[in-house]
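Undergrad: Show me the folded form of this:
(2 chains)
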Amino acid sequence: MMLCEKCKEKEATIHLTQVMDGAVKKVHLCEECAASSGFDVQGPSSITDILLGIGGGSVLPESGKKDRADRACPHCHMKLSDFKKTGRLGCPGCYEAFEDELVSLLKVMHRKEVHSGKVPSRESVRVRKSAEIASLERALEEAIEAEQFEEAARIRDRIRDCRRAVEKKKEKPDGHVED
Amino acid sequence: MLKIDDLLKQPGGWLAPGEDNGIVISSRVRLARNLQGRAFPGWAGEEECARIWQDLLPVLRDCKSLSQPLYTEMVELNGLDKQVLFERNLISREHAQKKKGSGLILRKDERMGVMVNEEDHLRLQAMEPGLNVTSIWKRIDRFDTEIEKKARYAFSAKIGYLTACPSNVGTGMRASVLLRVPGLVMMNEINAVVRGLAKIGLAIRGLWGEGSEAAGNMFQVSNQMTLGEREEDIASNLEQIVLEIVEHELNARVRLMETQEDLVRDRVGRALGILSGAHILSSKESLDLLSDLRLGSDLGILTAVDGRTIDQLIILTQPAHLQKVEGKKLNVKDRDMARARLVRKRIEKAMGGAR
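TA: Numbers count the residues shown, from 1 in each chain, chains lettered A, B, ... in the order given. Coordinates of the predicted model:
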């Protein structure tokens, strides 16, 4: 039986994953301690809220190095502390501004780190091709795992073609290539 | 303009009475999209939201996919009308509270629409009765492509579509299927299903979800993760899993009838008794009883009341729909009486027709 980390008496039945200072921590609590810490165990809260400990993050000890500069997004001026309070970002630019913090959060949430779906047709050739490469690399892994080596070779060639297209684009930075 | 009274004349895009097999009710896909270089609605402030609405309205209104849609800003609607939209699964509870600049644009048949300035600038949504996630994805993909020709989306080559909440980043896609699983609930097997789904990254919650409560044994299953999977795969994975749940449910129903047929017959009979005789019915009680009735009709125990009548009652007995039908605002007590009246009348009519 796993004991609750807080009261160290009852069985821990609530297992939470939280992100603190960029590191992932597991928290094991009994139902009562979870409730008394303000976790809405039943509630349909967003996974972001849970990971950031919104609505009851008091279980984890506050980190000692509290005063790491509270950076702000240069585009919308949202502060990192604002995001940690609300669990919502201020603007698309925040993803770059808070990249360090978000990387580990995204990994826990999605178990993957790279987009491999639709790409808007308006995006530049470079963006579209690099998204395609990411998606092809995944297909390549799958093909190798399934020992479909002919398929894997075909995918590898397509990745090479994509990489060439990206390289070409770099040489002519202002070529408005719209294919 | 969007007139709520007109919507009430039609069955709703997701709950098409009688069109489902009694287990899978409807499928739904939503895509979260945002405009490049603009603050997300929760951080933008009312004025910027109003500008975004002004920018997006003409773009969306002209989309062929919506074929001359209905539209409204949330501030133009009264509380009851917003509640109707919520009960029809067209807006979220949060969206109903939104101020200036937040709105809804909707195809007349309710099968596709956009919430503007909910948590994201655009929340495209499409739904259909039955298990149709892949075909809905294809439809909403075309709609999305239409919009992106005129609006520049916030997009990153590495992590895809950028959304206000990091849990939606990547595809911005949430696919969900609404299911009725009384067999799994009555056989006490639903918890195992819930745990199993969580393990493979799917979320399950009750319809009109208040916590873990699932009124009427209706559950919504959806993908949790949006980054790293292709949209087609999200759709087909979900469909695959739902087919497995349907299999489990059918299996549970067989075992239920083998081991507890008396109990089931009793339950269905009691449900019919209460629904056709009660004078006060809360919305939870009527949903649960209607669910028992629907199970009875699916199992062939009950032939007098058809599935279509039952499904219509499920939506019409919701608080806001009920008040709309009655044509006035009602307090809880009057609502419970009006609900019982409506249910009695409809069931009487159905049974009269069957005789």
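Undergrad: Can you name the residue of chain A that approaches chain B most closely?
TA: A:Lys112 (2.5 Å; Cβ to the nearest Cβ). (Glycine included, C-beta is placed from N, CA and C.)
Undergrad: Spit out the contact partners of the closest residue to that residue other than its chain neighbours.
TA: Of all residues not flanking A:Lys112 in the chain, B:Gly228 sits nearest, at 2.5 Å (Cβ to Cβ, 6 or more residues apart in numbering or on different chains). The contact partners of B:Gly228, taken as Cβ atoms under 8 Å, 6 or more residues apart in numbering or on different chains, are A:His110, A:Arg111, A:Lys112, A:Glu113, A:Val114, A:His115, A:Ser116, A:Arg138, B:Gly170.
Undergrad: From those, pick the one nearest B:Arg152.
TA: A:His115 (17.4 Å; Cβ to Cβ).
Undergrad: Now the closest one. Nearest residue, chain neighbours left out?
TA: Leaving aside its sequence neighbours, A:His115 sits nearest to B:Gly160 (Cβ to Cβ, 6+ apart; 3.0 Å).
Undergrad: Quick check: beta-bridge partners of the one you found?
TA: Taking DSSP bridges as the rule, B:Gly160 bridges to B:Ser156.
Undergrad: min pLDDT across the contacts of B:Gly228, which one?
TA: For these, the weakest pLDDT value sits at A:Arg138, with 80.
Undergrad: Surely it forms part of a strand?
TA: No - counting by DSSP: H, G, I helix; E, B strand; the rest coil, A:Arg138 is not part of a strand but helix.
Undergrad: Might one say that it is in contact with A:His115?
TA: No - counting by Cβ atoms under 8 Å, A:Arg138 does not reach A:His115; the two are 10.5 Å apart.
Undergrad: Who has more neighbours out of the two?
TA: A:His115 (27 against 17; other Cβ atoms under 10 Å in any protein chain shown).
Undergrad: Secondary structure element for that one, which one?
TA: For A:His115, there is no enclosing helix or strand under DSSP states H and E.
Undergrad: how near is it to B:Thr163?
TA: A:His115 sits 12 Å away from B:Thr163 when distances are taken as Cβ to Cβ, to the nearest Å.
Undergrad: Check B:Ala252 too.
TA: According to Cβ to Cβ, B:Ala252 stands 37 Å off from B:Thr163.
Undergrad: Of the two, which one has the most company?
TA: The neighbour comparison of B:Ala252 against B:Thr163 (other Cβ under 10 Å) goes to B:Thr163, with 28 against 21.
Undergrad: Quick check, that one in contact with B:Gly172.
TA: Yes - taking Cβ under 8 Å as the definition, B:Thr163 is a contact partner of B:Gly172 at 5.5 Å.
Undergrad: shared neighbours, the two?
TA: With Cβ under 8 Å, 6+ apart as the test, B:Thr163 and B:Gly172 both reach B:Ala32, B:Asp120.
Undergrad: Could you list the low-confidence segments of the stretch 201-350 of chain B?
TA: B:208-213 (pLDDT under 70).
Undergrad: same thing but 80
TA: Along the stretch 201-350 of chain B, segments meeting pLDDT under 80 span B:206-215.
Undergrad: For it, which residue gets nearest to chain A?
TA: Closest point on the stretch 201-350 of chain B to chain A, by Cβ to the nearest Cβ, is B:Gly228, at 2.5 Å.
Undergrad: So that residue, which state does it fall into?
TA: Three-state call for B:Gly228 (three-state DSSP): coil.
Undergrad: Need phi/psi at it.
TA: Per-residue torsions, B:Gly228: phi 100, psi -20 (degrees, to the nearest 10).
Undergrad: and the longest helix belonging to chain A with chain B, contact?
TA: Longest helix in chain A, counting residues (DSSP state H): helix A:149-171. No - Helix A:149-171 lies out of reach of chain B by Cβ under 8 Å from any Cβ of the partner chain, never closer than 10.1 Å.
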